[in-house]
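Novice: Sequence and predicted model, in that order:
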Amino acid sequence: MYRKLGCIGNHPVLSKRAKSVAKCIHLSLFYINFSSSNEGPEIWLKHPDAPGLKWIINYEKEKESSVYPVLDSSFRGPQTVHFLYLYDNGIEDLKQMAEHICEVFRSPIADVRISEESLIDWIINLQTTIPRAFISKGVITSVETMDRVFKNLKGTEYFDLEAIAIDESFQYTEPIPFRCISLWDPFWLSLPSILNGTNSVILSYGSKFTPTDINTILKEWQKGTKLQNLEFMEIETFELLNARKAYLEIWADLDWTDGGENDGRPMEV
């Protein structure tokens, strides 16, 4: 497999016939991670039949372009990582390599980390369903881009969105179509977006929800008519000037129990 990965790194040499042959071979799906983070663009692969083995394709500019490709390995106890270092010619090379790997191994991308806005349309066109998606701070710069993400990208497991760079008067009122969501500085997040959603896990850090908003969320959840899939929620708000007053507003007219009294799935606040 290590040798095959080295060949894949030089993907232009693989003919259409070679790809056709590869498609005839039965393979279990690989776990493919695509990352364009500031730490450096990379793609890494894992296979369910080899839990201690990982292959990483890393793009860098630390050496002259003529030196690449470079193969290396790391052995730490039961963990083995094989590296293929390629010269970083820009985001287009990374996208082409990801498409190439998905085609050869007939496996979708399972985990995507986006640090450039141009990658949003690319991933939507490549595959609309992503188990785990992370979008870095400042990538979303318009309401239109946010709308495209929420209407065209489906996350089956987890969605993490860092701070966005749009007008702070904007409010998003539609449900967020991901099972688990983690939102950072979500000034744009509205009460209807939460109440009408089907999320199982909601993590909101730095939201502008008021104590009354949180009370409304808890009341609707307790009634059982909304937030029926909710299993866990954490809302972090801005510092409150009167903590005692806020506490009373949050718990107003709610039947609640201490966490230690409930060993199963919470049925009460």
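Specialist: Alright, I've got the coordinates. Residues are numbered from 1 along each chain as shown.
Novice: got a list of what Ser190 touches?
Specialist: Gln171, Tyr172, Thr173 (C-beta atoms under 8 Å, 6 or more residues apart in numbering). C-beta coordinates here come from the backbone N, C-alpha and C atoms, glycine included.
Novice: switch to 6 Å and redo it
Specialist: For Ser190, the contact set (C-beta atoms under 6 Å, 6 or more residues apart in numbering) comprises Gln171, Thr173.
Novice: Name whatever forms a beta bridge with the spatially most central residue of the chain.
Specialist: Geometric centre of the chain, nearest residue: Ala133, 1.8 Å, by C-alpha atoms, centre = their mean. The residues listed as beta-bridge partners of Ala133 by DSSP bridges are Val112, Phe159.
Novice: Quick check: it vs Thr156, distance?
Specialist: 10 Å (C-beta to C-beta, to the nearest Å).
Novice: start to end distance for stretch 114-121?
Specialist: 11 Å (C-alpha to C-alpha, to the nearest Å).
Novice: Now that stretch: buried residues?
Specialist: Using 16 or more other C-beta atoms under 10 Å as the test for burial, stretch 114-121 gives Ile114, Ser115, Leu119, Ile120.
Novice: Pipe those residues into JSON lines and attach secondary structure and distance to Glu42 per row.
Specialist: As requested, those are exported to JSON lines (DSSP: H, G, I helix; E, B strand; the rest coil; distance: C-beta to C-beta, whole Å):
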{"residue": "Ile114", "secondary structure": "strand", "distance to Glu42": "13"}
{"residue": "Ser115", "secondary structure": "coil", "distance to Glu42": "12"}
{"residue": "Leu119", "secondary structure": "helix", "distance to Glu42": "14"}
{"residue": "Ile120", "secondary structure": "helix", "distance to Glu42": "19"}
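Novice: from those residues, which is closest to Gly197?
Specialist: Distance to Gly197 across the buried residues of stretch 114-121 (C-beta to C-beta) is lowest for Ile120, with 21.2 Å.
Novice: can you pull out the helices in the stretch 101-250 of the chain?
Specialist: 118-126, 143-152, 191-195, 211-223, 243-250 (DSSP state H, counting those that start in this stretch).
Novice: so which two of the buried residues of stretch 114-121 are the farthest from each other?
Specialist: Checking the buried residues of stretch 114-121 with C-beta to C-beta, the most distant pair is Ser115 and Ile120, at 10.8 Å.
Novice: Contacts only, for the residue nearest to the centre of the chain.
Specialist: Counted by C-beta under 6 Å, 6+ apart, Ala133 has contacts Val112, Gly155, Phe159.
Novice: Show me the beta-bridge partners of the second one.
Specialist: Using DSSP bridges, the beta-bridge partners of Gly155 come out as Ile130, Phe178.
Novice: Considering only helices and strands, which part of this structure has the lowest mean pLDDT?
Specialist: Within the chain, no helix or strand scores below helix 2-9, which has a mean of 50 by mean pLDDT, DSSP states H and E.
Novice: which intervals of the chain have sub-threshold pLDDT?
Specialist: Scanning the chain for pLDDT under 70 picks out 1-27, 38-39, 239-241, 257-269.
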